[in-house]
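**Student:** Show me the folded form of this:
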Amino acid sequence: MKKTADDVKKEQSLSFMYFNRFLMLRYFTAFMFFTNLYWFGMALTCKSWSAILPFLLMIGGIAVTLELTSKLHTKKSAVPVSKGYYIAQISVNLAIILVSMTPAYSLFLPFLNGKGQFCVIGIALIGILMSVMVLLKIKKITNDQDRQFKVIKMFEKTN
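**Tutor:** As a prediction, the model looks like this:
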């Protein structure tokens, strides 16, 4: 049986609706990527070994982007790479906060002076908050408890 134009349109709409469940994750991942890129660039200018950490986080961000892009072609809601990445991001931000309160601060973030510690702690706290929000969103999506899933189900019933 040949698909009609309406059938194709409905399939595409559903595909984009499932894909858009991950919209917040995509935006937050982009924000984290560019934050880590800035950190990486600054660490490189100081020829610091600490450039390794943001580089690895950038690689993780690329992996998350690839995982989320694949959601355009599937209705599966599991995102293990994203979940692992955001747990790692929280861990790194916690480590940054702890290191910022010690004399080792200048070894880890040599491109900032002593006054930059509070700024770094603030940015790390924002990163933790964003990562926790993403992990909560992932949990809702995985359990089909997100608002977008309800809209999708209503759309499927009416069409």
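**Student:** Quick one: low-confidence residue ranges for this protein.
**Tutor:** Applying pLDDT under 70 to the chain flags the ranges 1, 114.
**Student:** if you count residues, which helix in this structure comes out on top?
**Tutor:** For the chain, the helix with the greatest residue count under DSSP state H is helix 116-142.
**Student:** Show me which positions of that helix end up buried.
**Tutor:** Residues of helix 116-142 classed as buried by neighbour count (16 or more other C-beta atoms under 10 Å): 117, 120-121, 123-124, 127-128, 130-131, 134-135, 137-138, 140-141. To be clear about C-beta, it is placed using only N, CA and C from the backbone, and glycine gets the same treatment.
**Student:** Equivalent analysis for stretch 151-159, please.
**Tutor:** Per 16+ other C-beta under 10 Å, stretch 151-159 contains these buried residues: I152.
**Student:** residues in contact with M32?
**Tutor:** Neighbouring residues of M32 by C-beta atoms under 8 Å, 6 or more residues apart in numbering: 57, 61, 89, 127, 130-131.
**Student:** switch the cut-off to 7 Å
**Tutor:** Residues in contact with M32 (C-beta atoms under 7 Å, 6 or more residues apart in numbering) are 61, 89, 127.
**Student:** and the angle from the helix or strand hosting it to helix 116-142?
**Tutor:** Here M32 sits within helix 23-45, counting by DSSP states H and E. Orientation of helix 23-45 against helix 116-142 (axes from the mean of the first three to the mean of the last three C-alpha atoms, to 10 degrees) gives an angle of 150 degrees.
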